[in-house]
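Engineer: Turn this into a model:
(one chain, ligands or ions: 1)
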Amino acid sequence: MIEARTGNLDDVLSINSEIPEWTTRFSREHFEEFLKDKNPEIVVGYSEDKPIGFIVSYTEGDHLKIWVIGVDPGFRRQGIFRAMHKYCETIAKNKGLSKIELDIAKCRESMISASRALGYHIVGVEHKEDWPNTRIFLEKPLY
Ligand SMILES: CC(C)(COP(=O)(O)OP(=O)(O)OC[C@H]1O[C@@H](n2cnc3c(N)ncnc32)[C@H](O)[C@@H]1OP(=O)(O)O)[C@@H](O)C(=O)NCCC(=O)NCCS
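Structural biologist: Have a look, this model is predicted:
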């Protein structure tokens, strides 16, 4: 059975090493340093209590900002991202936030497609000289 709920950094780090797309793997220290003043929301997807995906986000003004997303390749296309995202939406709505934002490197095509499938709109582009790192900004309004 697949379930999304609030998890912790240990869950995230246990999946972190399974994400093949990442060229840089964040260490525990990097996660802790980046998130230290952000009161983050860590949403984890579990299959039979095994962590298999995560979304790390935090509140920024009127919106929830997603910082990082990953699903174990062995469990993709089974609705894990969709389930975790739904949980994030509930968190954001309960906090009275109006939208969820994320930005993704242009080369992460599956991530962009999956976000579009979940209702995100592209709202901006920040061009970089090394085009794969051009940033695509997306947001999903919450009604
Ligand atoms: C993108 C990602 C999060 C999707 O996770 P997932 O659990 O497989 O996604 P879901 O099964 O919930 O899919 C939801 C919808 O997104 C779309 N989608 C998912 N993966 C897709 C892909 N590879 N290509 C196109 N569309 C895709 C589909 O429409 C899907 O719905 P459907 O299966 O009913 O058609 C996962 O592939 C991943 O972790 N990729 C690498 C993450 C990454 O690059 N992170 C760095 C940026 S933070």
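
Engineer: biggest strand in this protein by residues?
Structural biologist: As assigned by DSSP state E, the longest strand anywhere in the chain is strand 50-60.

Engineer: quick one: strands adjacent to that one?
Structural biologist: strand 41-47 (antiparallel), strand 63-71 (antiparallel) (DSSP bridges).

Engineer: what's the closest of the ones you listed to E89?
Structural biologist: In this view, those are compared for proximity to E89 by Cβ to Cβ, and strand 63-71 is the closest at 8.4 Å. For glycine as for every other residue, the C-beta is placed from the backbone atoms N, C-alpha and C.

Engineer: Only alpha carbons, please: show the helix or strand just after that closest one as CSV.
Structural biologist: The element immediately downstream of strand 63-71 (helix or strand, assigned by DSSP states H and E) is helix 80-94. Backbone C-alpha positions of helix 80-94 (Å, rounded to 0.1, in the frame of the first residue of the first chain) are rendered in CSV as follows:
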residue,chain,number,x,y,z
ILE,A,80,3.7,8.5,-5.6
PHE,A,81,4.4,12.0,-6.7
ARG,A,82,0.7,12.7,-7.2
ALA,A,83,-0.1,11.4,-3.6
MET,A,84,2.7,13.3,-2.0
HIS,A,85,1.7,16.5,-3.8
LYS,A,86,-1.9,16.1,-2.7
TYR,A,87,-0.7,16.0,0.8
CYS,A,88,1.4,19.2,0.2
GLU,A,89,-1.7,20.9,-1.1
THR,A,90,-3.6,20.0,2.0
ILE,A,91,-0.8,21.4,4.1
ALA,A,92,-0.7,24.6,2.1
LYS,A,93,-4.5,25.1,2.2
ASN,A,94,-4.5,24.5,5.9
